[in-house]
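Enquirer: Here's a sequence, model it:
(one chain, ligands or ions: 1)
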Amino acid sequence: MDFTVLTLFPELIQSFFKHGMILRGIEKKLIDATCVNIRDFSTDRHNTVDDRPYGGGSGMVMKVEPLKAAILSAKKKAPESQVILMTPQGNRFSQKKAWELASKNTGLIFICGRYEGIDERIYTTLVDEELSIGDYVMTGGELASMVIIDSIARLIPGVLGSDESCRSDSFTDDRLEYAQYTRPEVFERQKVPDVLLSGNHEKIRLWRKKSSLERTFLKRPDLFKKTGLSKEEKKIVLQWCQELESLC
Ligand code: SAM
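Expert: Predicted coordinates for the structure are as follows:
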């Protein structure tokens, strides 16, 4: 999978590509990561990339010409790539979107804005999708692009130690992940649930399903509105109600 980030602050992105799971993906040749300095595409002798907004007002706006040249140059290297603009006004990024982009396996070109944003005319022909990482405004798109790349990269087969691990992650199938434990078996008089030490895979699977349901009910009940309960989940909830009734 090819990731290309167009930015005015390449150092931020370059150091991100040099660490952890992204670096491992690059070393395994599962990921190709490139950072492009938009300033390299400005054509005047001052390397201008921004200008005052028409109509007045505060701040500066990123100019369309250097950005267009940077996008076209990135597209030349990876013509199938999808161009994604980082903007607080975009569609909200989610785990579902991460899976969608990871499974498409086309290259992704991220545009990181700065200042007051980018000249509107970049949207009309050069951008395939606008993405936001939440309803707040940051000073630049770099952090947003790193958030998105990080969450997509870990879904690419072979990047994580075990491909299984991301299958049970929170938000997969609109549920939160079950409770996790590791050594010691007892911590401050709190014991790891016996079933997790039993070695019985089916019982462990069911316990995890129940734990995942409980946590979703308690922490993110809104997720149930997206997808109803499966047959197996309904059975678990019924048992749960019976257990609660027996306590009353
Ligand atoms: N004036 C713009 C507005 O109100 O919509 C915000 C510009 S912001 C200060 C500068 C850049 O940061 C944006 O062009 C975008 O690339 C990035 N950015 C800020 N918040 C973001 C968010 N929540 N998600 C994605 N990108 C964001």
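Enquirer: residues making contact with stretch 159-168?
Expert: Residues outside stretch 159-168 that contact it (CB atoms under 8 Å, 6 or more residues apart in numbering) are 21, 24-25, 28, 30-31, 153-155, 157, 172, 177-178, 208, 212. The C-beta positions use only the backbone N, C-alpha and C, and glycine is treated the same way.
Enquirer: of the residues you listed, buried ones?
Expert: By neighbour count, with 16 or more other CB atoms under 10 Å, the contacts of stretch 159-168 hold 24, 25, 31, 153, 154, 155, 172, 177, 178, 208, 212 as buried.
Enquirer: who's in contact with the first one?
Expert: This means residue 24. Listed by CB under 8 Å, 6+ apart, the contact set of residue 24 reads residue 159.
Enquirer: Would you pull up how far the helix or strand where it lies lies from the middle of the chain?
Expert: In this structure, residue 24 is located in helix 20-27 according to DSSP states H and E. Helix 20-27 sits 16 Å away from the centroid of its parent chain (CA atoms, centre = their mean, to the nearest Å).
Enquirer: Give me the domain ranges for this protein.
Expert: Using automatic domain parsing, the domain parsing of the chain gives 2-153, 186-247.
Enquirer: out of those domains, nearest to the ligand?
Expert: domain 2-153 (2.1 Å; CB to the nearest ligand atom).
Enquirer: what's the span of that closest one from first residue to last?
Expert: With CA to CA, to the nearest Å as the measure, the ends of domain 2-153 fall 10 Å from one another.
Enquirer: Look up how far residue 113 lies from residue 55.
Expert: Taking CB to CB, to the nearest Å as the measure, residue 55 falls 19 Å from residue 113.
Enquirer: For the ligand, tell me whether whichever strand or helix holds residue 152 is touching it.
Expert: Element membership for residue 152 (DSSP H and E) is helix 142-153. Yes - Helix 142-153 lies within reach of the ligand by CB under 6 Å from any ligand atom, at residue 144.
Enquirer: With stretch 92-104 instead?
Expert: No - counting by CB under 6 Å from any ligand atom, the ligand has no neighbours in stretch 92-104; the shortest distance is 7.8 Å.
Enquirer: again, but for stretch 122-131
Expert: No - remark: stretch 122-131 sits outside contact range of the ligand, by CB under 6 Å from any ligand atom, the gap being at least 6.5 Å.
Enquirer: again, but for stretch 33-47
Expert: No - Stretch 33-47 is not in contact with the ligand by CB under 6 Å from any ligand atom; minimum separation 11.7 Å.
Enquirer: mean confidence score for that stretch?
Expert: For stretch 33-47, the mean pLDDT works out to 96.
Enquirer: Bridged to residue 108, which residues?
Expert: For residue 108, the beta-bridge partners under DSSP bridges are residue 3, residue 82.
Enquirer: Quick check: the gap between it and residue 46.
Expert: Taking CB to CB, one finds residue 108 at 31 Å from residue 46.
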